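**Student:** Have a look at this prediction, sequence included:
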Amino acid sequence: MTEEKMEKKLHNKRALVTGASRGIGKEIANTLARHGADVVVNYNTSHEDASEIATSVELAGKETWVYPADIRSFQEVEEMKKSIEDNFGTIDILVNNAGINIDKFFTKMEKNDWETVLSVNLDGVFNCSKVFLDDLREAEGGRIINISSVVGQRGNLGQVNYASSKAGMIGFTKALARELVRDEVTVNAVAPGFIATDMVMNIPEKVQESIKKKIPMGRFGETKEVAEAVAFLASPSASYITGEVLKVNGGFYI
Amino acid sequence: MEKDEEQKRIEGDIEGLTSDCKRLEGLNALITGGSQGIGRRIALEFANEGADVAINDLSSQKEKANLVAQYIEGELGRDTWIAEGDVSDLDDMKKVREQVEENFGTIDILINNAGINRDSLFFKMEKEDWDKVLSVNLDGVFNTTKAFLDHVRESDQGRIINMSSVIGESGNIGQANYASSKAGMIGFTKALAREVVRDDVTVNAVAPGFVATRMVEDIPEKVKEKIIAQIPFGRFAEPREVARTVCFLASNDASYITGEVIRMNGGYYM
Ligand SMILES: NC(=O)c1ccc[n+]([C@@H]2O[C@H](COP(=O)([O-])OP(=O)(O)OC[C@H]3O[C@@H](n4cnc5c(N)ncnc54)[C@H](OP(=O)(O)O)[C@@H]3O)[C@@H](O)[C@H]2O)c1
């Protein structure tokens, strides 16, 4: 095989990963860099974690730009766009990963809990997709990849707000996919099951064990297993896939 | 000697192979219906990713299978074996298994790709058309999986990947038999995934839209244009795109994915 054919699958691509300071987003940033992409690391509050990721992206020999922005704010996302454009360039791959949960039974859930989760998980996707749309349209093979969740597909106790936001992302994915087809931008989602990050490790140990019993593979997923699915969808291999929701859940929801 | 068209096609395929790492190194794959079309492309991609590849097809396809094998060994430097047999015949597949065991090795990755169509409107569809399509497309999956499951179970990276179709989810005029067989494969995928999860075997399906193989090329130009008009992407899928998706599912990258159907249809069905 020739050298040229060995080139990495995301060679010459620039990606923005939201919520990349920790957990799944961090792994996605590192994985995309390993596959050859330059990566912008967005986060909200975890400055130290974010600069660590930047270092590891650079160690992979790729360029990086770190930018804190609360994706709930359209204005902050616009400012981020300007900074990225001035210092780094335009974006080919947008990974909408930033997300939070505030779990409570519906009887106890306040309007505020609903609004906060919806505004990060769903408005955040609107804001970032809207602001970076022109970049993606002009890219050759632009990609939007939304990190949804199995909870958006099957529901879960104590997660009415989270499940709604994650199901909303699936509707967003399919609708925007149809609109952007002619620009050769694909829009897809990854729906992970339970993945071993802070989000899941903060659940009481006992509850963790009972969740694991319900997962046919008998274990939580690793962040790497989600990140590689994202890298696949971002790569030229997935050029005919759009509007799709790729489940990565160890058989939890089939 | 002048190269015939078949050779040119394979060489074109090999020219277009890409890989950033040998993701399937050390693994043995069996691809049913691997002598042409999508199956052949999967065989070549797999070999390029470092897998040794057994090619199953009917004896009537022997020449084509030979040619693929020749390129896998000569150009891509991998082991190969032609496993002649009819997937619709369980006894045949059991024999194939014995031959594969003796001459090639045990199978880590099984790709149930063999499939046919016999299209006609339902009021004209004969029981024969139904039986024939179901026996190859759906019984074939049962038979092949039955014959090779022990192999796949013993592998450290056991994979079963079924080639379904968008038609199994969306339906299509004139394809009651084909659609049923392809939808059936999805049920098979999900049910078996649950059974073999404890053996660390994943079972997944790929559901492509219309793929530009010879089967589709032969459709009259006018009809082709009509179909393309219904595909948001405005083009058919390339065999490469199907094969790359299958490679992803076969690789270690997909270790937490099971019971899944990956749709790849250019926006035709979401
Ligand atoms: N873990 C799972 O089991 C699981 C399963 C399915 C889906 N998911 C989804 O995967 C995504 C990542 O989850 P995770 O488990 O990796 O979570 P995590 O470890 O809690 O990390 C969340 C990330 O999102 C960022 N973030 C939160 N609010 C933000 C805001 N307003 N603006 C910008 N960034 C913000 C955080 O940045 P700061 O630290 O700087 O605040 C952090 O980097 C989420 O969308 C989640 O819903 C997770």
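**Tutor:** It's in. Residues are numbered from 1 along each chain as shown, chains lettered A, B, ... in the order given.
**Student:** outside of stretch B:123-135, which residues touch it?
**Tutor:** With contacts defined as Cβ atoms under 8 Å, 6 or more residues apart in numbering or on different chains, stretch B:123-135 is touched by B:88, B:116, B:117, B:118, B:120, B:176, B:177, B:178, B:180, B:181, B:184. From N, CA and C alone the C-beta is placed, and that goes for glycine too.
**Student:** Which pLDDT value belongs to residue B:21?
**Tutor:** As predicted, residue B:21 sits at a pLDDT of 68.
**Student:** Would you tell me which residues of the stretch 51-200 of chain A are close to the ligand?
**Tutor:** A:70-72, A:97-100, A:120, A:147, A:149, A:192, A:194-195, A:197-200 (Cβ under 6 Å from any ligand atom).
**Student:** Separate out the buried members of the residues you listed.
**Tutor:** Buried members of these, counted by 16 or more other Cβ atoms under 10 Å in any protein chain shown: A:70-72, A:97-100, A:120, A:147, A:149, A:192, A:194-195, A:197, A:199-200.
**Student:** So which residues of the stretch 101-250 of chain B form helices?
**Tutor:** Remark: helices assigned in the stretch 101-250 of chain B by DSSP state H, counting those that start in this stretch are B:127-134, B:140-154, B:167-170, B:176-196, B:214-217, B:221-229, B:239-250.
**Student:** and if you look at chain A?
**Tutor:** Assigned helices in chain A, in chain order: A:23-34, A:47-59, A:74-87, A:111-118, A:124-138, A:151-154, A:160-180, A:198-201, A:205-214, A:223-234 (criterion: DSSP state H).
**Student:** For the third one, which residues meet the burial criterion?
**Tutor:** Judged by neighbour count (16+ other Cβ under 10 Å), helix A:74-87 contains these buried residues: A:76, A:77, A:80, A:81, A:84.
**Student:** so where's the chain uncertain?
**Tutor:** You didn't say which chain, so I picked chain A. A:1-7 (pLDDT under 70).
**Student:** actually chain B
**Tutor:** Scanning chain B for pLDDT under 70 picks out the ranges B:1-2, B:19-21.
**Student:** any idea how far chain A is from residue B:34?
**Tutor:** For residue B:34, the distance to chain A (Cβ to the nearest Cβ, to the nearest Å) stands at 20 Å.
**Student:** can you tell me how far the residue nearest the centre of chain A sits from chain B?
**Tutor:** Note on chain A: the residue nearest the mean C-alpha position is residue A:97, at 2.4 Å, using Cα atoms, centre = their mean. Note on residue A:97: its distance to chain B, by Cβ to the nearest Cβ, is 17 Å.
**Student:** I figured that residue was touching residue A:16, is that so?
**Tutor:** No. Taking contacts as Cβ atoms under 8 Å, residue A:97 lies outside contact range of residue A:16: 9.9 Å.
**Student:** follow-up on the earlier one: okay if I get the buried residues of helix A:74-87 as JSON lines plus distance to residue A:106?
**Tutor:** Converted to JSON lines, the buried residues of helix A:74-87 look like this (distance: Cβ to Cβ, whole Å):
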{"residue": "A:76", "distance to residue A:106": "31"}
{"residue": "A:77", "distance to residue A:106": "30"}
{"residue": "A:80", "distance to residue A:106": "34"}
{"residue": "A:81", "distance to residue A:106": "37"}
{"residue": "A:84", "distance to residue A:106": "39"}
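**Student:** so how far is residue A:33 from the residue of chain B found nearest the ligand?
**Tutor:** With Cβ to the nearest ligand atom as the measure, residue B:256 is the residue of chain B nearest to the ligand, at 11.2 Å. Plainly put, residue B:256 is 21 Å away from residue A:33 if you go by Cβ to Cβ, to the nearest Å.
**Student:** ok, now residue B:75?
**Tutor:** From residue B:75 to residue A:33 the distance is 32 Å (Cβ to Cβ).
**Student:** same check, this time on residue B:135
**Tutor:** 49 Å.
**Student:** out of the two, which sits in the busier spot?
**Tutor:** residue A:33 (26 against 18; other Cβ atoms under 10 Å in any protein chain shown).
**Student:** For the residue positioned nearest the centre of chain B, which residues are in contact?
**Tutor:** By Cα atoms, centre = their mean, chain B has its centre lying nearest to residue B:113, at 2.4 Å. For residue B:113, the contact set (Cβ under 8 Å, 6+ apart) comprises B:31, B:32, B:33, B:34, B:38, B:39, B:42, B:163.
**Student:** Kindly report the same for residue B:146.
**Tutor:** If you count contacts by Cβ under 8 Å, 6+ apart, residue B:146 has them with B:90, B:93.
**Student:** Leaving out chain neighbours, which residue sits closest to the residue of the stretch 51-200 of chain B found nearest chain A?
**Tutor:** Chain A sits closest to residue B:197 of the stretch 51-200 of chain B, with a gap of 4.2 Å, by Cβ to the nearest Cβ. In space, and not counting its chain neighbours, residue B:197 is closest to residue A:216: 4.2 Å by Cβ to Cβ, 6 or more residues apart in numbering or on different chains.
**Student:** pretty sure that neighbour contacts residue B:258?
**Tutor:** Yes. With contact defined as Cβ under 8 Å, residue A:216 and residue B:258 form a contacting pair (7.3 Å).
**Student:** Find residues that contact each of the two.
**Tutor:** Contact with both residue A:216 and residue B:258 is made by residues A:250, A:251, B:193, B:197, according to Cβ under 8 Å, 6+ apart.
**Student:** Just send the contacts of residue B:113 back as JSON lines, with secondary structure and neighbour count too.
**Tutor:** JSON lines is the format used below for the contacts of residue B:113 (DSSP: H, G, I helix; E, B strand; the rest coil; neighbours: other Cβ atoms under 10 Å in any protein chain shown):
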{"residue": "B:31", "secondary structure": "strand", "neighbour count": "30"}
{"residue": "B:32", "secondary structure": "strand", "neighbour count": "28"}
{"residue": "B:33", "secondary structure": "coil", "neighbour count": "26"}
{"residue": "B:34", "secondary structure": "coil", "neighbour count": "33"}
{"residue": "B:38", "secondary structure": "helix", "neighbour count": "28"}
{"residue": "B:39", "secondary structure": "helix", "neighbour count": "29"}
{"residue": "B:42", "secondary structure": "helix", "neighbour count": "29"}
{"residue": "B:163", "secondary structure": "strand", "neighbour count": "26"}
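**Student:** Make JSON lines out of these and add distance to the ligand.
**Tutor:** Shown next, in JSON lines, are the contacts of residue B:113 (distance: Cβ to the nearest ligand atom, whole Å):
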{"residue": "B:31", "distance to the ligand": "33"}
{"residue": "B:32", "distance to the ligand": "35"}
{"residue": "B:33", "distance to the ligand": "36"}
{"residue": "B:34", "distance to the ligand": "37"}
{"residue": "B:38", "distance to the ligand": "32"}
{"residue": "B:39", "distance to the ligand": "35"}
{"residue": "B:42", "distance to the ligand": "31"}
{"residue": "B:163", "distance to the ligand": "29"}
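**Student:** Pick the one among those closest to residue B:230.
**Tutor:** Nearest to residue B:230 among these: residue B:38, at 20.6 Å, using Cβ to Cβ.
**Student:** Tell me if stretch A:156-175 is near chain B.
**Tutor:** Yes. Stretch A:156-175 reaches chain B (Cβ under 8 Å from any Cβ of the partner chain) through residue A:174.
**Student:** Now find how far off-centre that stretch is within its chain.
**Tutor:** Stretch A:156-175 sits 14 Å away from the centroid of its parent chain (Cα atoms, centre = their mean, to the nearest Å).
**Student:** Neighbours of residue B:223, how many?
**Tutor:** Residue B:223: 9 neighbours (other Cβ under 10 Å).
**Student:** on that earlier part again, most surrounded residue in the shared contacts of residue A:216 and residue B:258?
**Tutor:** residue A:250 leads the shared contacts of residue A:216 and residue B:258 on contacts (other Cβ under 10 Å) with 27 neighbours.
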